[in-house]
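> Quick one, fold the following:
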Amino acid sequence: MQKYYEFRDRKLVESADTNSPVLVCTSPDSDDMALLTNRFNIDPHNIQSAVDPDELTRVEFEPDHTVMILKRPKNYSSQDNFLFKVASLGMFFFKDRLVIITTEDTGLFDAKHPMALESPSDALLRVIAGVIMHFIGHLKVINMISDELEHKVNTSMENRYLLGMFSLEKSLVYYLSATHYNAAVIDKIRANSSRMGFSQDTIEYLDDLAIENSQCAKQAEIYSNILASLMDARASLVNNNLNILLKQLTIISIVFLPLNLIASIGGMSEYSFMTKSLPWQVSYALFMAGMVIIGFLTYMLLNKSGNKGLKQDESA
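Next comes the predicted model:
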């Protein structure tokens with residue numbers, strides 16, 4: 001799918017003119033490939049690289065344009081199960097035109113821009129800024145999800161929350177790698193800014209983007225280190241919760257062992273013979289009261305023994 005944009009009132013607006021200075025091609029099909037190859041002389045390999053999520057970032061200089069492959073976050077879906085994925089983004093910068101090839105065109109030009117949009121170079125920097133802001137936004141969401149999962153892990157005995165945290169840790173590794181790769185692209189663009197015809201204001205804003213991308217990478221690194229360092233502790237916490245439940249179930253089972261014996265005796269004719277002088281309502285009421293007392297004393301004895309062993313472990 002093709003969308004054309006033009007500069008109007010120092011803004012970028014969608015246009016029906018095929019000669020507009022900005023073209024966004026989303027998930028190019030065979031017709032789009034023919035247009036990009038024949039009209040703009042873009043190498044088919046570079047077109048495929050722009051939509052390949054495993055493609056490495058790079059900057060290449062062709063005779064009439066500059067090829068830039070960046071990494072950007074994919075839009076998150078609930079079906080991803082806490083796994084935030086990374087996609088590729090291709091930008092082909094000509095002297096008077098910018099061609100963008102991507103798999104998702106949402107949010108490309110949504111970033112705040114301190115400069116007016118008047119040229120393809122401004123649109124290029126707007127896209128780079130949008131990628132960085134998209135990463136930062138996803139990192140905030142990952143941090144919020146991590147806090148929520150951590151709270152659920154503290155009281156849960158299921159593995160699904162722990163698996164969700166593993167997915168978040170994997171996502172942070174992807175994001176950390178992507179931001180580092182993008183930093184190399186930004187640095188190379190900065191080093192060749194005069195060759196690409198950037199103005200001084202554009203170069204200064206490119207320096208600001210390099211700083212923001214560096215801060216984004218550092219934030220992803222911090223989140224990744226924290227999540228990775230606490231994963232073992234959280235896994236141990238799930239096992240500990242399970243052990244506590246098993247202990248409680250074991251105590252309940254032990255409490256009912258003597259009660260089963262007494263109930264078996266009470267159900268025989270001997271107990272009826274021993275209490276024949278009492279009304280059956282009274283005898284069985286005493287029998288039930290005795291079972292409750294014995295069960296309570298057994299439970300208290302087991303709890304006292306467990307707490308005593310715990311104190312001995314703590315003193316050791």
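> In a helix, Phe296, correct?
Yes: under DSSP: H, G, I helix; E, B strand; the rest coil, Phe296 falls within a helix.
> Need the per-residue pLDDT for it.
Looking at Phe296, its pLDDT is 79.
> swap in the one 10 residues further on?
Listed pLDDT for Gly306 reads 58.
> In terms of helices and strands, where is Leu36?
According to DSSP states H and E, Leu36 maps onto helix 30-38.
> Give me the contact list for that helix.
Contact with helix 30-38 is made by 1-2, 25, 28, 42-44, 47, 99, 101, as judged by C-beta atoms under 8 Å, 6 or more residues apart in numbering. To be clear about C-beta, it is placed using only N, CA and C from the backbone, and glycine gets the same treatment.
> just how off-centre is that helix within its chain?
35 Å (C-alpha atoms, centre = their mean, to the nearest Å).
> got the buried residues for that helix?
32-33, 35-36 (16 or more other C-beta atoms under 10 Å).
> Then stretch 199-213?
So stretch 199-213, judged by 16+ other C-beta under 10 Å, has buried residues 202, 205-206, 209-210, 212-213.
> Ile145 reaches Phe82, doesn't it?
Yes: taking contacts as C-beta atoms under 8 Å, Ile145 lies within contact range of Phe82: 6.3 Å.
> what is in contact with these two at once?
Common neighbours of Ile145 and Phe82 (C-beta under 8 Å, 6+ apart) are 164, 168.
> All the strands of this structure, in order from the start?
Counting by DSSP state E, the chain has strands at residues 2-8, 11-15, 22-26, 58-61, 66-73, 86-93, 98-102.
> Mean neighbour count added to the ones you listed, as CSV?
Output for the strands of the chain, formatted as CSV (neighbours: other C-beta atoms under 10 Å):
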stretch, mean neighbour count
strand 2-8, 16
strand 11-15, 15
strand 22-26, 22
strand 58-61, 15
strand 66-73, 22
strand 86-93, 22
strand 98-102, 24
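> just so I know, which of those lies nearest His151?
Of all the strands of the chain, the one in closest proximity to His151, counting by C-beta to C-beta, is strand 66-73 (25.0 Å).
> leaving aside the residues next to it on the chain, what's closest to Tyr5?
Spatial nearest neighbour of Tyr5, excluding adjacent residues (C-beta to C-beta, 6 or more residues apart in numbering): Val22 at 4.0 Å.
> ok, now which ones touch the one you found?
4-6, 12, 97-100, 120, 123.
> wait, which of those is closest to Leu176?
Closest to Leu176 out of the contacts of Val22 is Ile100 (24.6 Å), distances taken as C-beta to C-beta.
> OK, contacts around the closest residue to that closest one other than its chain neighbours?
Distance criterion C-beta to C-beta, 6+ apart; nearest residue to Ile100, sequence neighbours excluded, is Val24 at 4.7 Å. The contact partners of Val24, by C-beta under 8 Å, 6+ apart, come to 2-5, 100, 102, 105, 108.
> Would you convert those into a markdown table that also reports distance to Leu249 and pLDDT?
Below are the contacts of Val24 laid out as a markdown table (distance: C-beta to C-beta, whole Å; pLDDT from 0 to 100):
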| residue | distance to Leu249 | pLDDT |
| --- | --- | --- |
| Gln2 | 64 | 88 |
| Lys3 | 62 | 89 |
| Tyr4 | 67 | 88 |
| Tyr5 | 65 | 87 |
| Ile100 | 60 | 92 |
| Thr102 | 55 | 90 |
| Asp105 | 55 | 76 |
| Leu108 | 56 | 80 |
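> Return the closest of those with respect to Leu242.
Out of the contacts of Val24, the member with the shortest distance to Leu242 (by C-beta to C-beta) is Thr102, at 45.7 Å.
> That closest one and Asp32, how far apart?
Counting by C-beta to C-beta, to the nearest Å, the gap from Thr102 to Asp32 is 12 Å.
> With Tyr4 instead?
13 Å.
> Kindly report the same for Glu14.
Taking C-beta to C-beta as the measure, Glu14 falls 17 Å from Asp32.
> Just give me the closest of the contacts of helix 30-38 to Ile293.
Met1 (78.4 Å).
> State the number of residues packed around the closest one.
10 (other C-beta atoms under 10 Å).
> List the contacts of it.
Contacts of Met1 by C-beta under 8 Å, 6+ apart are 25-27, 32, 105.
> burial count for the residue nearest to Leu278 when sequence neighbours are not counted?
Excluding the flanking residues, the one nearest Leu278 by C-beta to C-beta, 6+ apart is Leu286, at 7.9 Å. By other C-beta under 10 Å, 12 other residues sit near Leu286.
> returning to that earlier point: dump the contacts of Met1 to a markdown table, plus distance to Gly295.
Listed next are those as a markdown table, based on distance: C-beta to C-beta, whole Å:
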| residue | distance to Gly295 |
| --- | --- |
| Cys25 | 75 |
| Thr26 | 70 |
| Ser27 | 68 |
| Asp32 | 77 |
| Asp105 | 68 |
